[in-house]
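Asks: can you look at this prediction? I've put the sequence above it.
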Amino acid sequence: MTRARVRAIPAWAWLIGIVAVSAAAQYGLGRRMVAPWIMVDELLYSELAKSFAATGHFAVRGVPDNGLGFVYPVLIAPAFRIASVPDAYAVAKTINAALMSLAAVPAYLLARRIVRPGLALVVAALTVAVPSMLYTGTLMTENAFYPLFLWVVVVLVAILERPSWWNQVLVLGLCGVAFLTRAQAIALVPAVLTAPLLYHRARLRAYGWLYVLTGLGVAAVVGYELARGRSFDAALGAYSAATDVHYDAATALRWTVYHVAELDLYVGVAPFAALLYLALTIRSLWNRERAFVAAAVSLTTWLVLEVAIFASAPSVSRIEERNMFYVAPLFFVALALWIERGLPRPPLAAASAVVSAALVGAIPFAGLINQNARSDTLAFLPWWTLQDSVISLDQVASVAVLGAAGVGVLFMLVPTRWALTLPAVILAWFAFSAWSIETNEHGGAHAASVGALYGGITRRDRDWIDRAVGQHANVAFVWSSRKDKNTLWQNEFFNRSVRDVYYFDDARSPGNLPETKVAIDSREGELTGARRASYVLTDDTVRIAGTEIGRDKVKGMILYRVDGPLRLAEWWEGATLRRGTEAIRGLYPDTWSGPMVTYTRRDCEGGSLTVLLESDPSLIGGPQTVTAGKQRVEVPPGGRVELTVPLQAAGGECTMQFTVSPTAVPGGGDTRLLGVHFTRIDFHA
């Protein structure tokens, strides 16, 4: 194709092409995500989408939930109209690819206000090339918030230039929609109110609607929450807990520096230098340019400040790039504007380049390149990859600063005719970043999703439970805390029939989702607090009274059909194993006996008891004697012996006592006095 023909192609066609290519590429990468891995976030949004698709309401595990943004679940809900969850999951990721790729449109429109079409298209391409496009393969609100945030910027820039009442209402309305997508959008409100101060203080009266409507809105929200007997921060829903944390000012300042520095690294240094230079020279810019810079600086400042303060909490303590990458296109527009203005290089531009390059050195790479980076700080993954094969961890900071310095030198020396070298270098770095994110051996996106799936399901069909009982069945999940949490989350995600989740008094709750603590009735083994269900899914350390109808052998997960209240077939009560009407005292959960084992059976009229005994030569080198009533057997070292003894009823109860000799303490931290293994205990009427 000749250069003339290329130039003849309209900008809108190129823009459609950018969106289409991005969506296709993200669709392909999304297919490599075989399962959700950012937990429990992805599970939450899938639950909300499933609920809305089925009932028109929002619920998590059947419990109404209005504490999370509902815009994103609504957008992916059509996918979950598909019966097969694995198929619905694939369609939801396709929706993500289209949604997030559409961010190129507002980015282009924003840039087009102040630069020529070619440079605006470069901005659009950079917008959908950022490493965070990875999130199209996850069920996360980033997919909807990214383009929505950029539409807020477009309208904000428009009202700075033309502050009509309609534009002011529109930008606040978009902020409201953004908040209903992601509570983090609360930071957009002060940003919108600050932008006019940076643009033209003398014209503040023209933005009266903006301030009046915001004041009325805040008063209405506060009044509504107070009328309900709650504090105003309850309006944040599930994220109101973030306001309960004590934030230290010095720590928050330090994390703010880290976040600003990481954002500088994320966008490729040159765009950061460009926006910094434009901000320092804002009064010399044309109206449209000044409107953009005012909006960009205000939005970036408030968003990064919000994210950094949250990250400074002791429970977080990591760079939350995932919560601030949305501002990256603003830096790309700034770079395009700097190029459009002829690459001006006064002393302030040089200072901006030096500061931007040096700022990268403020990042404590050695302390923050870890597993948290897999999902939250994607800009670290290329450096993690380099650290694995080219440089040491201690050298990462130095090499990063040297690389930033190289970009700074390019910023100051690249000839005007080669100005596009800067965005080309950034695109190349983004391509390397995408490769690192996909392939990082410490758990890139693909590996993380494979690991999450394997942690929960090894069956070929991920919806194996639905296939066994039907998606409308009622399967209860009993959590023992002895397995990977993915055995719950993955099976629940891919199987609509998994509904109520229960955990025992002595087990840890599997997550901050609706779940019920249950106790065990000491006589019957019934799970008190559990509702009736037709089926139960649990792991092989929990014996349910029912019929096994399916199993994931590798993960040790068993699906039971049950009749009546949920009951255990056997359970431990202190040092006593109970099995229905049976009680076995003196036996440990690993089947080791102590020196004495007592078997008791209620409602017994007599019968016999057969036990399978096994000796362990690593504990006792010689034979061991087991005595039960009038019978005695010898168990050779490493041998197996079956013993059957008669049971006599007394007062409706049968009892048999076994004594083992000799016994020994294994040592190595195990202080138990052990005898033999009671591998099997069977009663015969």
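Replies: On my side now, so go ahead. Residues are numbered from 1 along each chain as shown.
Asks: give me the distance between the residue lying closest to Ile76 once chain neighbours are set aside and Asn143.
Replies: Nearest residue to Ile76 in three dimensions, chain neighbours excluded: Ala92, at 4.4 Å (CB to CB, 6 or more residues apart in numbering). Every residue, glycine included, has its C-beta placed from N, CA and C. Between Ala92 and Asn143 the computed distance is 9 Å (CB to CB, to the nearest Å).
Asks: compare neighbour counts for the two and give me the winner.
Replies: More neighbours surround Asn143 than the other of Ala92 and Asn143, with 31 against 25 (other CB atoms under 10 Å).
Asks: for that one, grab phi and psi.
Replies: Note on Asn143: its backbone torsions stand at phi -60, psi -40 [degrees, to the nearest 10].
Asks: what sits closest to it if chain neighbours are left out?
Replies: Spatial nearest neighbour of Asn143, excluding adjacent residues (CB to CB, 6+ apart): Asn96 at 4.3 Å.
Asks: other SSEs contacting the host helix or strand of that neighbour?
Replies: Secondary structure from DSSP states H and E places Asn96 in helix 85-101. Where contact means 3 or more CB pairs under 8 Å, 6 or more residues apart in numbering; DSSP states H and E, helix 85-101 is packed against helix 11-31, helix 41-55, helix 71-76, helix 142-161, helix 486-494.
Asks: returning to that earlier point: OK, contacts around the residue nearest to Asn143?
Replies: By CB atoms under 8 Å, 6 or more residues apart in numbering, Asn96 lies in contact with Gln26, Gly30, Ile76, Tyr135, Thr136, Gly137, Thr138, Leu139, Asn143.
Asks: which one of these is nearest Val157?
Replies: Among those, Asn143 lies closest to Val157 (CB to CB), at 23.6 Å.
Asks: the closest one is in contact with Tyr135, isn't it?
Replies: Yes: with contact defined as CB atoms under 8 Å, Asn143 and Tyr135 form a contacting pair (6.0 Å).
Asks: what's the overlap in contacts for the two?
Replies: Listed as contacting both Asn143 and Tyr135 by CB under 8 Å, 6+ apart are Asn96, Met100.
Asks: low-confidence ranges in this structure?
Replies: Applying pLDDT under 70 to the chain flags residues 1-3, 232-244, 443.
Asks: what residue is smack in the middle of it?
Replies: Using CA atoms, centre = their mean, the residue of the chain that lies closest to the mean C-alpha position is Ile38, 2.5 Å off.
Asks: contact partners for that residue?
Replies: Thr138, Met140, Ser375.
Asks: tabulate those residues in a markdown table, adding columns for distance to Leu343, secondary structure and neighbour count.
Replies: A markdown table is the format used below for the contacts of Ile38 (distance: CB to CB, whole Å; DSSP: H, G, I helix; E, B strand; the rest coil; neighbours: other CB atoms under 10 Å):
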| residue | distance to Leu343 | secondary structure | neighbour count |
| --- | --- | --- | --- |
| Thr138 | 38 | coil | 24 |
| Met140 | 38 | coil | 22 |
| Ser375 | 37 | helix | 20 |
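Asks: show me which of those residues is closest to Trp429.
Replies: Distances from Trp429 to the contacts of Ile38, taken by CB to CB, are shortest for Ser375, at 20.4 Å.
Asks: with Ile38 as the reference, measure out to that closest one.
Replies: For Ser375, the distance to Ile38 - CB to CB - is 5 Å.
Asks: just Ala129 next, same as before
Replies: As judged by CB to CB, Ala129 and Ile38 stand 21 Å apart.
Asks: swap in Thr663?
Replies: Going from Thr663 to Ile38 by CB to CB gives 50 Å.
Asks: confirm Val115 sits in a helix?
Replies: No: with DSSP: H, G, I helix; E, B strand; the rest coil as the criterion, Val115 is located in coil rather than a helix.
Asks: now do the contacts for it.
Replies: Val115 touches Val123, Val333, Ala336, Leu337, Ile339, Glu340, counting by CB under 8 Å, 6+ apart.
Asks: equivalent analysis for Trp14, please.
Replies: Leu121.
Asks: ends of stretch 59-75, how far apart?
Replies: From its first residue to its last, stretch 59-75 covers 16 Å (CA to CA, to the nearest Å).
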